[in-house]
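In: okay, here's the prediction I keep looking at, along with the sequence it came from:
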Amino acid sequence: MYALVEFKGKQYKAEKGALLKVSKLDAEPGTAIDIDTVLLLSDGTLKIGSPYVKGAKVSATVESHGKDKKIVVFKYKPKKDYRRKQGHRQQYSIIKIEGIAAS
């Protein structure tokens with residue numbers, strides 16, 4: 001059984017026991033969250049929402065938080081002595097899918 005969910009503007013494939021890397025959440029590790037924006041649900045048969053599947057819910061818990069590896073943003077214009085170097089590390093949260101409930 002799996003579900004496609006929309007969470008914080010992005011879509012993820014959720015299966016029981018799977019770990020998902022999502023954008024940073026303002027929740028402590030161990031906090032339970034419910035996702036009710038299920039786009040597609042597969043449990044032997046395929047249920048497609050319009051836009052969401054009614055009565056379907058995915059429950060998850062926040063496992064940990066972290067930062068991705070650093071990326072370098074470098075802007076350069078030739079012959080103009082223009083150079084800008086900037087780094088960025090995206091913050092993320094890891095959530096564990098506990099279960100998928102259908103109506």
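Out: Everything's here; your move.
In: tell me the residue furthest from the middle of this structure?
Out: K79 (42.2 Å; Cα atoms, centre = their mean).
In: distance of that residue relative to I48?
Out: 55 Å (Cβ to Cβ, to the nearest Å). Any C-beta I mention is one placed from the backbone N, CA and C, and that applies to glycine too.
In: list the contacts for the residue nearest to the spatial centre of the chain?
Out: For the chain, V22 is the residue whose C-alpha lies nearest the centre (Cα atoms, centre = their mean; 3.1 Å). For V22, the contacting residues are F7, K8, K10, Y12, Y92, S93, I94, I95, by Cβ atoms under 8 Å, 6 or more residues apart in numbering.
In: how far away is it from I33?
Out: Applying Cβ to Cβ to V22 and I33 gives a distance of 10 Å.
In: next: I94.
Out: Counting by Cβ to Cβ - I94 and I33 are separated by 12 Å.
In: give the residues shared as contacts by those two.
Out: Contacts common to I94 and I33, judged by Cβ under 8 Å, 6+ apart, are V62.
In: show me where this protein has its strands.
Out: When assigned using DSSP state E, the strands of the chain occupy the ranges 2-7, 10-15, 19-23, 32-35, 38-42, 46-48, 57-67, 71-77, 82-88, 91-101.
In: okay, those in JSON lines with mean pLDDT next?
Out: Shown next, in JSON lines, are the strands of the chain (pLDDT from 0 to 100):
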{"stretch": "strand 2-7", "mean pLDDT": "95"}
{"stretch": "strand 10-15", "mean pLDDT": "96"}
{"stretch": "strand 19-23", "mean pLDDT": "96"}
{"stretch": "strand 32-35", "mean pLDDT": "96"}
{"stretch": "strand 38-42", "mean pLDDT": "94"}
{"stretch": "strand 46-48", "mean pLDDT": "93"}
{"stretch": "strand 57-67", "mean pLDDT": "97"}
{"stretch": "strand 71-77", "mean pLDDT": "97"}
{"stretch": "strand 82-88", "mean pLDDT": "98"}
{"stretch": "strand 91-101", "mean pLDDT": "96"}
